[in-house]
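> test case, fold it:
(chains A, B, C and D)
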Amino acid sequence: MITIFYFAGLREATGTDREEADLAGKTIQELSAWVNSKYPHLSLDAVRVAINEEYALSEDVLQDGDTAALIPPVSGG
Amino acid sequence: MITIFYFAGLREATGTDREEADLAGKTIQELSAWVNSKYPHLSLDAVRVAINEEYALSEDVLQDGDTAALIPPVSGG
Amino acid sequence: MKAYEIVTEPIEPQRYADYVLRPEAGAVTLFTGHVREWTRGIRTLYLAYEAYIPMAEKMLTKIGAKIEEKWPGTKTAIAHRIGELQIGEIAVVIAVSSPHRRDAYEANEYAIERIKESVPIWKKEIWEDGTEWIGDQRKKPDVSNENKGLDSE
Amino acid sequence: MKAYEIVTEPIEPQRYADYVLRPEAGAVTLFTGHVREWTRGIRTLYLAYEAYIPMAEKMLTKIGAKIEEKWPGTKTAIAHRIGELQIGEIAVVIAVSSPHRRDAYEANEYAIERIKESVPIWKKEIWEDGTEWIGDQRKKPDVSNENKGLDSE
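Predicted structure coming up:
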């Protein structure tokens, strides 16, 4: 299983801060498609994905137990 | 009369922090010459002069009651 | 305190300045980012920050390591606060010490640029008539239509 | 405290940062210049600073006014300490607040450059084997022959 984290506007739009999904073996791109099909009103255009707290590339592959965080445009500082 | 201030290395080299001199009507250049003749071991090459707490030009003229400060290269900060 | 941390309590900037000071340091720059009341005519009541804490702390640590590599002899500490912040309160503090001042200024500014660009921290602005997650600091709240899909409204 | 001052007691930098903070300020930069123990292999025991106090305070005030002219919306406070300072102690503090961070960095660095260039303050370095008034910061103590005429040795 993969744990998916939602932050900020994504957390409010999905109504959850995390969920589990059976996405081991899938790419980041496939993860995004899965999220998009579940929440069709979300725009993920500017959203980056981090796997296990590191920014990932869209072709990176998820492994069982990974955490995938959807990172909307940041605004710290 | 003009009051002349000496600071830092100039104060130590002249042995005084101030003195009076009858230089009203003289230019800054003439003031420097006067100081140099009194303290021939001083080098005033890099020294700027302030009249009444403002940097002055070498052709500026001293008026009675002015204070003239000899400002060696500064090193604050 | 840790040298790179996300905190929930008010930030005391002097602690970070003290942390980076060493006998060989001639210069310390301390940057604090504060909650501003007015942004181009829009009045902010307060801000709410949230972070992906473990990743944010890792990234702050990496920014510090990068700085010590780019500007040898510098030492850095960074903290960002999350939760509700009132006008004037400190959201972020960056302390950099260095033997020479140029490096301390440059490294400090580098740190804030990197934070704003990639550290997973989000700011929600609360105005008199609404709220919004700020998603791209180049945009103003009232013209951020491109990000509306991510907004809470 | 005054916004632009020469002081003889230890500097508390936070007081100057607090002084410049306002609701419209999003950024505060605080620079502190410290007594460094080692300068290119020469060990400093302590420093002694002296100033032409009224002129120095006037010039600091002018630097602040110039900053507020060049970077509208900024507010500045500057203090320089004189007398004997030990390793690590603060010689100078510059606080600048600004709506936006870029200005706060630039204005702060501008202030220290101007101070080092023209404010009548002098530093005497006391080493294990001697002392010297530092007359030109581009030179090192051991190569400052051109300034020997002004030295105390």
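
> distance of residue A:69 from chain B?
Residue A:69 sits 45 Å away from chain B, going by Cβ to the nearest Cβ, to the nearest Å. Yep, even glycine has a C-beta here, placed from its N, CA and C like the rest.

> hmm, who's touching whichever strand or helix holds that residue?
Taking DSSP states H and E as the definition, residue A:69 sits inside strand A:67-71. Contacts to strand A:67-71, defined as Cβ atoms under 8 Å, 6 or more residues apart in numbering or on different chains, come from residues A:2-7, A:10, A:23, A:28, A:31, A:35, A:44, A:47-53, A:55-56, A:62, C:52, C:55, C:120.

> now do the contacts for residue 27.
Since you didn't name a chain, this refers to chain A. Contacts for residue A:27 were tallied using Cβ under 8 Å, 6+ apart; they are A:58-62.

> look at chain C instead
With the criterion set at Cβ under 8 Å, 6+ apart, residue C:27 makes contact with C:97-101, C:103-104, D:31-34.

> top of those by neighbour count?
residue C:104 (30 neighbours; other Cβ atoms under 10 Å in any protein chain shown).

> hmm, it is touching residue C:29, no?
Yes - in this structure, residue C:104 is within contact of residue C:29 by Cβ atoms under 8 Å, at 4.3 Å.

> need the overlap of contacts for the two.
Residues touching both residue C:104 and residue C:29 (Cβ under 8 Å, 6+ apart): C:96, D:31.

> secondary structure element for residue C:33?
Per DSSP H and E: strand C:27-34 holds residue C:33.

> list the contacts of residue C:1.
Residue C:1 neighbours (Cβ under 8 Å, 6+ apart): C:15-16, C:19, C:77, C:79.

> next one: residue C:86
C:35, C:46.

> phi, psi for it please.
phi -90, psi 170 (degrees, to the nearest 10).

> ok so, going back, now, which of the contacts of residue C:27 sits nearest residue C:41?
Minimum distance to residue C:41 across these is 31.3 Å, recorded for residue D:31 (Cβ to Cβ).

> which is the next helix or strand following the longest helix seen in chain A?
In chain A, with assignment by DSSP state H, the single longest helix is helix A:28-38. The C-terminal neighbour of helix A:28-38 among helices and strands, as given by DSSP H and E, is strand A:48-51.

> how about the spatially most central residue of chain C: which residues does it bridge to?
The structure's chain C has its C-alpha centroid closest to residue C:92; by Cα atoms, centre = their mean the separation is 3.5 Å. Taking DSSP bridges as the rule, residue C:92 bridges to residue C:33, residue C:80.

> excluding covalently adjacent residues, which one is nearest to the closest residue to chain D within chain A?
Closest contact between chain A and chain D, by Cβ to the nearest Cβ, is at residue A:77 (8.1 Å). Excluding the flanking residues, the one nearest residue A:77 by Cβ to Cβ, 6 or more residues apart in numbering or on different chains is residue C:116, at 4.4 Å.

> packing partners for the one helix or strand that neighbour maps to?
In this assignment (DSSP H and E), residue C:116 forms part of helix C:101-118. Contact analysis of helix C:101-118 by 3 or more Cβ pairs under 8 Å, 6 or more residues apart in numbering or on different chains; DSSP states H and E lists strand C:27-34, helix C:53-70, strand C:75-81, strand C:90-98, strand D:27-34, helix D:101-118 as its packing neighbours.

> who's in contact with the second one?
Residues from elsewhere that reach helix C:53-70, judged by Cβ under 8 Å, 6+ apart: A:50, A:53-54, A:69, A:76, C:2-6, C:74-78, C:80, C:82, C:96, C:107, C:110-111, C:114-115, C:118-121.

> output the below-cut-off pLDDT ranges for chain C.
C:136-153 (pLDDT under 70).

> how about the residues of it near chain D?
C:13-14, C:17, C:21, C:23-38, C:87-88, C:99, C:101, C:104-105, C:108-109, C:112 (Cβ under 8 Å from any Cβ of the partner chain).

> what's opposite the residue most central in space within chain A in the beta bridge?
Nearest to the geometric centre of chain A sits residue A:70, at 3.5 Å (Cα atoms, centre = their mean). With DSSP bridges as the criterion, residue A:70 is bridged to residue A:6, residue A:49.

> can you tell me how far it is from residue B:59?
For residue A:70, the distance to residue B:59 equals 72 Å [Cβ to Cβ, to the nearest Å].

> ok, now residue A:7?
The value you get for residue A:7 to residue B:59, if Cβ to Cβ is used, is 68 Å.

> and for residue A:8?
66 Å.

> which of these two has more neighbours?
residue A:8 (29 against 9).

> secondary structure class for the residue lying closest to that one once chain neighbours are set aside?
Distances taken as Cβ to Cβ, 6+ apart put residue C:122 closest to residue A:8, at 3.7 Å, once the chain neighbours are dropped. Using DSSP: H, G, I helix; E, B strand; the rest coil, the structure places residue C:122 in strand.

> show me what contacts the residue nearest to the centre of chain C?
A:76-77, C:11, C:31-33, C:78-81, C:112, C:115.

> and the residues you listed, which is closest to chain D?
residue C:32 (4.7 Å).

> show me the contacts for the closest one.
By Cβ under 8 Å, 6+ apart, the neighbours of residue C:32 are C:11, C:13, C:90, C:92-93, D:17, D:27-28, D:30.

> could you export stretch A:17-35 as PDB, CA atoms only?
C-alpha atoms of stretch A:17-35 as PDB (Å, rounded to 0.1, in the frame of the first residue of the first chain):
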ATOM      1  CA  ASP A  17      -5.100  14.800   4.800                       C
ATOM      2  CA  ARG A  18      -4.100  11.200   3.900                       C
ATOM      3  CA  GLU A  19      -5.400   8.000   2.500                       C
ATOM      4  CA  GLU A  20      -4.100   4.600   1.500                       C
ATOM      5  CA  ALA A  21      -4.200   3.300  -2.100                       C
ATOM      6  CA  ASP A  22      -3.000   0.100  -3.700                       C
ATOM      7  CA  LEU A  23      -0.500   1.800  -6.100                       C
ATOM      8  CA  ALA A  24       2.700  -0.100  -5.600                       C
ATOM      9  CA  GLY A  25       4.500  -0.600  -8.900                       C
ATOM     10  CA  LYS A  26       2.800   2.400 -10.400                       C
ATOM     11  CA  THR A  27       4.500   5.600 -11.500                       C
ATOM     12  CA  ILE A  28       4.100   9.100 -10.100                       C
ATOM     13  CA  GLN A  29       2.200   9.900 -13.300                       C
ATOM     14  CA  GLU A  30      -0.200   7.000 -12.700                       C
ATOM     15  CA  LEU A  31      -0.600   8.100  -9.100                       C
ATOM     16  CA  SER A  32      -1.600  11.600 -10.300                       C
ATOM     17  CA  ALA A  33      -4.100  10.100 -12.800                       C
ATOM     18  CA  TRP A  34      -5.600   8.000  -9.900                       C
ATOM     19  CA  VAL A  35      -6.000  11.100  -7.700                       C
END
